[in-house]
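Q: Pasting the sequence and the predicted model now:
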Amino acid sequence: MTEPAFDALMAEVMATAERFGHREHVHLTWLAVRRCGIPAAIDLVSDGIRRTARYAGAPQKYHATVSRAWVELVGYYAAESGDDEFAAFADRHPALLDKRLLTHYYRPGTLAAPRAKDGWVEPDLAPFPGQGAAA
């Protein structure tokens with residue numbers, strides 16, 4: 001399958017949304033994971049968010065670990081549930097709609113560190129579902 005363009009996924013999500021909030025971010029990530037798999041979705045979503053932040057004049061808002069962590073989590077639950085509609089997926093996994101979900105996996109200081117902002121850092125409180133013990 002051809003990898004979808006970030007802009008096309010964004011347009012698809014925004015066709016039924018008034019603004020790009022957390023739910024829309026999860027929706028876009030769900031689409032990316034379902035269409036190209038987790039590894040490619042990590043690159044697609046991360047690059048798209050980085051580019052969007054840069055275009056908006058706020059490149060400092062991009063966070064590498066947060067972007068990848070959401071793809072990992074959405075990808076796990078997408079593979080587990082097999083829902084064909086995002087609304088059904090969101091209803092089945094409401095925790096993904098909570099922006100604070102990453103606090104179950106990361107200490108605040110870990111995510112605040114420049115190392116996490118610039119590159120991938122493994123969860124340090126608990127492993128993601130389907131993964132081994134935290135470091």
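A: Structure's in. What do you need?
Q: where does this protein dip in pLDDT?
A: 1-4, 132-135 (pLDDT under 70).
Q: again, only using 90
A: 1-4, 80-83, 130-135 (pLDDT under 90).
Q: Determine the longest helix present in this structure.
A: Identified as the longest helix of the chain according to DSSP state H is helix 22-55.
Q: Buried residues in that one, which are they?
A: 23-36, 38, 40-42, 44-46, 48-50, 52 (16 or more other Cβ atoms under 10 Å). In this view, the C-beta of every residue, glycine as well, is placed from N, C-alpha and C.
Q: Report the buried residues of stretch 118-129.
A: 121-123, 128.
Q: what sits up against it?
A: 64-65, 68-69, 72-73, 76-77, 104-107, 110-111, 113, 115, 131, 133-135 (Cβ atoms under 8 Å, 6 or more residues apart in numbering).
Q: Give me the subset of those residues that lies in helices.
A: Per DSSP H, the contacts of stretch 118-129 map to helices at 64-65, 68-69, 72-73, 76-77, 110-111, 115.
Q: For PyMOL, write the selection for the buried entries among those.
A: Here is the PyMOL command that selects the buried residues among these (16+ other Cβ under 10 Å):
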select buried, resi 64+65+68+69+72+73+76+77+110+111
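Q: need the contact list for the residue most central in space within the chain.
A: Centrality entry for the chain: nearest residue to the mean C-alpha point is W70, 3.0 Å, by Cα atoms, centre = their mean. Counting by Cβ under 8 Å, 6+ apart, W70 touches 25-26, 29, 45, 102.
Q: measure stretch 72-89 end to end?
A: 15 Å (Cα to Cα, to the nearest Å).
Q: my bad, should have said stretch 90-107
A: Chord length of stretch 90-107, first to last residue, is 25 Å (Cα to Cα).
Q: which among the contacts of W70 gets closest to A5?
A: Within the contacts of W70, proximity to A5 (Cβ to Cβ) peaks at V45, which comes in at 11.8 Å.
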